[in-house]
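> Okay, here's the prediction I keep looking at, along with the sequence it came from:
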Protein chains: 2
Amino acid sequence: MSLFELHHNDGQARAGLIDLGHTRIETPVFMPVGTAASVKAILPCMLNAVGVKMILSNTYHLYLRPGVETIVKLGGLHRFSGWKKGILTDSGGFQVFSLSQLREITQEGVSFKSHIDGSSHFFTPEKVVELQSRWGSDIAMVLDECPPYTQEKRYIKKSLDITMNWAYRSVEARKRFPLKALFGIVQGGIFEDLRKEAALRIRELSFDGFAIGGLSVGEPREDMLAATAVVTPLLPETKPRYAMGVGKPEDIVELIGLGVDMFDCVLPTRNARNGSLFTKYGVLNIKRSEFKDDPDPIEASCGCYTCRHFSRGYLRHLYKAKELSFYTLATIHNLYYYVNLVKEARAAILTNRFEAFKRDFFDRYRSGEMA
Amino acid sequence: MSLFELHHNDGQARAGLIDLGHTRIETPVFMPVGTAASVKAILPCMLNAVGVKMILSNTYHLYLRPGVETIVKLGGLHRFSGWKKGILTDSGGFQVFSLSQLREITQEGVSFKSHIDGSSHFFTPEKVVELQSRWGSDIAMVLDECPPYTQEKRYIKKSLDITMNWAYRSVEARKRFPLKALFGIVQGGIFEDLRKEAALRIRELSFDGFAIGGLSVGEPREDMLAATAVVTPLLPETKPRYAMGVGKPEDIVELIGLGVDMFDCVLPTRNARNGSLFTKYGVLNIKRSEFKDDPDPIEASCGCYTCRHFSRGYLRHLYKAKELSFYTLATIHNLYYYVNLVKEARAAILTNRFEAFKRDFFDRYRSGEMA
């Protein structure tokens, strides 16, 4: 069984299929973030109803809480979380560098203190592969260093060498710890030559797919697009490409056009809880007083549970009253929006209409909040 | 069409049916509380799956937020909330006296200040009937005064006279503001002679059902049982009886035995959010460290969505991580417990086994928290 099957190219844009055995996932695919083995404010049965096929969970967070052995004792990630479809686990590299304190990087690995209780821990590429293997992750990620994009080039280059060394050791570790799929990660910051070097070096290793890391970390949008544009042509056609942490709807559409197949981002779920709701015309902020008596759904043409049953006026009321059901209803809508955005992109690719799809999207969609 | 049909008596315990036209509700029935037109942390589709047939919403809260006209403009309570089955609306009497500040009671009505923004408002029995009529409530409650049970008898007697006067005016108001059903409320505190007087006076008015108010407000359990025991035999056999705000599982079982048909309480939903989960053996506190690696569901014999898919270990993890899905999963379980408790009581009544059911319940169920 091959993990990835490429169905069609339309320019650089790709439509394909990731086959996990228990779940077949059409690409491009958007993966909601379930950091703590739960996508915030939404249950597995609703994720299914929304059309989600794969979620992202997080080695760093789960390692700290509930802890490695609890997940193993409770049957691995799928049984633990009650989510039976795809689970991709981030290695924790990004979190070690963004959340934890007092981290120290050596060739051997990274030591860090828990952001929860300050306790000391040490991650190696081998350990991270082992954890993801023991938990039964469908797609595991290698440990990498994700330096701030503002770091000077000399540091990014040195960091890249560590990440490459770790990638090699991860491939070796996998021989001892079986994994359905292991992805390498292309770093290199905003430097096109380093990105190119990273892509060329990592494609030599026997990974099942390749991620582009260090995107959507605050860098200018052009830098994100440029970094992706130099990397994707260098990656093997036959393996899936994943833009980690991307992103806004407009970024996802652009990156699909550059040949990326997989995306994850906290935006749809986090913004939902803040009252920011995605529509084809841009983001609607449900707080606004103009929605007080509005009987229309968030978006008339939307087929999600929320739009089929509830008015903007009611949603605004729930938001103002801080009712927990608001978070669930808003999350359902935003995830439905994201899932259908990539589904429509796929349909366009399969019929060689991707450029028209992209043009239509940008004609309608206003960045930022709707007036 | 008659609102209530009595199917069977077993001792004082009753099995019946409330027919709202759009929904037929077997009694005894438990109604979850949806104060702000939303049962906290659970969506209408899940309430249906749990077997809920009627919820309670609250005139006082909805009047203050989102406001009378918003609900009217958005099509009334059912369309507004997306909940198409039964909605009983409390009059707001209890909340005016428990939540608001600077209330002043006269024969005419009650003035009070909003607990949200301090604004001034005035409720009369007529106004409260009008609101519930305009919102399309299925079962409306009359405005009453609910004095603290610790008040001296002289005050409770005076208060009772006001409540009776308001009840009479509510019946009159209903001629102008059509309602599917309007319930009178028996007050009288912990004084059996006043409870008796209240029941005898209120049954003379043409209500569709009768509530017992002022229970579960902190009084000793024996006083609650005694007050109910003197009232139910005086109420018409042919109309439903509703114990407002009751209560704990053990109180509901006792009151069903005294001839009560309807119950509402925040306990299952509120306790869920605190990690207290109902089982046939008593309350299980999911916080306890003994559940860390526990692969069993909350209760092995429970058929709810939560127990069918998730372990105690996972639920404890969600609780500790403050994941929003915990509140939903716990609420589903606790409401399922309550709905099935009264369903089992009904089945026992229909086969003249209520006393055995009650004995079995108390043999198993431990008040307070499980060791």
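It's in. Numbering: from 1, shown residues only, chains lettered A, B, ... in the order given.

> the helices in the stretch 51-200 of chain A, which residues?
Under the criterion DSSP state H, counting those that start in this stretch, the stretch 51-200 of chain A carries helices at the ranges A:59-62, A:68-73, A:76-81, A:93-98, A:125-135, A:153-174, A:192-202.

> Need the mean per-residue confidence for the fifth one.
Helix A:125-135 shows an average pLDDT of 98 in the prediction.

> Within range of chain B, give me the residues from the stretch 151-300 of chain A.
A:292-293, A:295 (Cβ under 8 Å from any Cβ of the partner chain). Backbone N, C-alpha and C define where each C-beta goes, glycine included.

> and these as TSV, adding secondary structure and pLDDT?
Putting these into TSV (DSSP: H, G, I helix; E, B strand; the rest coil; pLDDT from 0 to 100) gives the following:
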residue	secondary structure	pLDDT
A:292	coil	98
A:293	coil	98
A:295	coil	98
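
> Return the helix or strand in chain A with minimum mean pLDDT.
strand A:366-369 (a mean of 72; mean pLDDT, DSSP states H and E).

> sorry, back to before: now, of the helices of the stretch 51-200 of chain A, which is deepest in the fold?
Greatest average neighbour count among the helices of the stretch 51-200 of chain A goes to helix A:59-62 (a mean of 25), per mean count of other Cβ atoms under 10 Å in any protein chain shown.

> Which elements pack onto it?
Contacts defined by 3 or more Cβ pairs under 8 Å, 6 or more residues apart in numbering or on different chains; DSSP states H and E place helix A:59-62 against strand A:86-90, helix A:93-98, helix A:125-135.

> contacts for that helix?
A:35-37, A:68, A:71, A:77, A:89-92, A:94-96, A:99-100, A:128, A:131-132, A:135, A:141 (Cβ atoms under 8 Å, 6 or more residues apart in numbering or on different chains).

> change it to 6 Å
Applying Cβ atoms under 6 Å, 6 or more residues apart in numbering or on different chains, the contact partners of helix A:59-62 are A:35-36, A:89, A:91-92, A:95, A:131.

> Enumerate the residues of the stretch 1-150 of chain A near chain B.
Proximity of the stretch 1-150 of chain A to chain B (Cβ under 6 Å from any Cβ of the partner chain) is limited to residues A:36, A:38, A:40-41, A:43, A:66, A:70, A:73-74, A:80, A:82.

> If we use 7 Å, what do you get?
Contacts of the stretch 1-150 of chain A with chain B, taken as Cβ under 7 Å from any Cβ of the partner chain, map to A:36, A:38, A:40-43, A:45, A:65-66, A:70, A:73-75, A:80-82.

> Buried subset of those residues as a PyMOL selection?
Those of these that count as buried under 16 or more other Cβ atoms under 10 Å in any protein chain shown are selected in PyMOL with:
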select buried, chain A and resi 36+38+40+41+42+43+66+70+73+74+75+80+81+82
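
> For the residues of the stretch 1-150 of chain A next to chain B, work out which two are farthest apart.
Within those, two members stand farthest from each other by Cβ to Cβ: A:41 and A:73, at 26.8 Å.

> and the longest helix seen in chain A, does that touch chain B?
Identified as the longest helix of chain A according to DSSP state H is helix A:324-350. Yes. For helix A:324-350, a contact with chain B is found by Cβ under 7 Å from any Cβ, at A:324-325, A:327-328.

> Format those as TSV; extra columns: neighbour count.
What follows is the residues of helix A:324-350 next to chain B, written out as TSV (neighbours: other Cβ atoms under 10 Å in any protein chain shown):
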residue	neighbour count
A:324	21
A:325	28
A:327	25
A:328	28
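
> what about chain A, any weak spots by pLDDT?
A:1, A:102, A:368-371 (pLDDT under 70).

> And the residue nearest the centre of it?
residue A:264 (1.7 Å; Cα atoms, centre = their mean).

> gap between stretch A:176-188 and the chain center?
Stretch A:176-188 sits 15 Å away from the centroid of its parent chain (Cα atoms, centre = their mean, to the nearest Å).

> Repeat that for stretch A:298-313.
On Cα atoms, centre = their mean, the centre of stretch A:298-313 falls 26 Å from that of its chain.

> and after whichever strand or helix holds residue A:306, which helix or strand comes next?
Element membership for residue A:306, per DSSP states H and E: helix A:305-309. Next along the chain after helix A:305-309, taking DSSP H and E as the criterion, comes helix A:312-320.

> Please list the residues outside that next one that contact it.
Helix A:312-320 has contacts (Cβ atoms under 7 Å, 6 or more residues apart in numbering or on different chains) with A:275, A:286-287, A:291-298, A:325-326, A:329, B:38, B:65-66, B:70, B:74, B:80-82.

> Then stretch A:341-352?
For stretch A:341-352, the surrounding residues in contact (Cβ under 7 Å, 6+ apart) are A:7-8, A:10, A:13-15, A:26, A:28-30, A:249, A:252-253, A:256, A:354, A:357.

> what's the burial count for residue A:108?
14 (other Cβ atoms under 10 Å in any protein chain shown).

> so who does it touch?
Going by Cβ under 7 Å, 6+ apart, residue A:108 touches residue A:124.

> picking that back up, check the gap between the residue nearest to the centre of chain A and chain B for me.
18 Å (Cβ to the nearest Cβ, to the nearest Å).

> Check the gap between the closest residue to residue A:305 other than its chain neighbours and residue A:326 for me.
Once flanking residues are discounted, residue A:305 sits nearest to residue A:332: 5.4 Å by Cβ to Cβ, 6 or more residues apart in numbering or on different chains. According to Cβ to Cβ, to the nearest Å, residue A:332 stands 11 Å off from residue A:326.

> Distance to residue B:115 for the helices and strands packed on helix A:59-62 - can I get that in TSV?
TSV is the format used below for the helices and strands packed on helix A:59-62 (distance: least, Cβ to Cβ, whole Å):
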stretch	distance to residue B:115
strand A:86-90	44
helix A:93-98	41
helix A:125-135	47
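
> on that earlier part again, quickly name whichever of the contacts of helix A:59-62 is closest to residue A:188.
Among the contacts of helix A:59-62, and counting by Cβ to Cβ, the member closest to residue A:188 is residue A:91, at 17.2 Å.

> Spatially nearest residue to the closest one, not counting backbone neighbours?
Nearest to residue A:91 is residue A:141, by Cβ to Cβ, 6+ apart, at 4.2 Å.

> for that neighbour, what are its contacts?
A:89-91, A:183, A:185, A:211.

> Turn these into JSON lines, columns for neighbour count.
JSON lines is the format used below for these (neighbours: other Cβ under 10 Å):
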{"residue": "A:89", "neighbour count": "24"}
{"residue": "A:90", "neighbour count": "29"}
{"residue": "A:91", "neighbour count": "29"}
{"residue": "A:183", "neighbour count": "26"}
{"residue": "A:185", "neighbour count": "29"}
{"residue": "A:211", "neighbour count": "30"}
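
> what two of those are the furthest from one another?
Greatest spatial distance among those (Cβ to Cβ): A:89 and A:185, at 12.9 Å.

> most remote residue from chain A's center?
residue A:293 (36.1 Å).

> right, and that residue touches residue B:71 too?
No. Using Cβ atoms under 7 Å as the test, residue A:293 is too far from residue B:71 to be in contact (9.5 Å).

> What is the neighbour count of residue A:109?
When neighbours are defined as other Cβ under 10 Å, residue A:109 has 20 of them.

> Over to the closest residue to it other than its chain neighbours: give its phi and psi.
Computed as Cβ to Cβ, 6+ apart, the closest residue to residue A:109 that is not its neighbour in sequence is residue A:124, at 3.6 Å. When read as degrees, to the nearest 10, the backbone of residue A:124 gives phi -120, psi 160.

> The residue nearest to residue A:80 when sequence neighbours are not counted: what's it in contact with?
Distance criterion Cβ to Cβ, 6+ apart; nearest residue to residue A:80, sequence neighbours excluded, is residue A:74 at 4.5 Å. Contact analysis of residue A:74 by Cβ under 7 Å, 6+ apart lists A:80, B:293, B:295, B:311, B:313-314.

> Perfect, that will be all.
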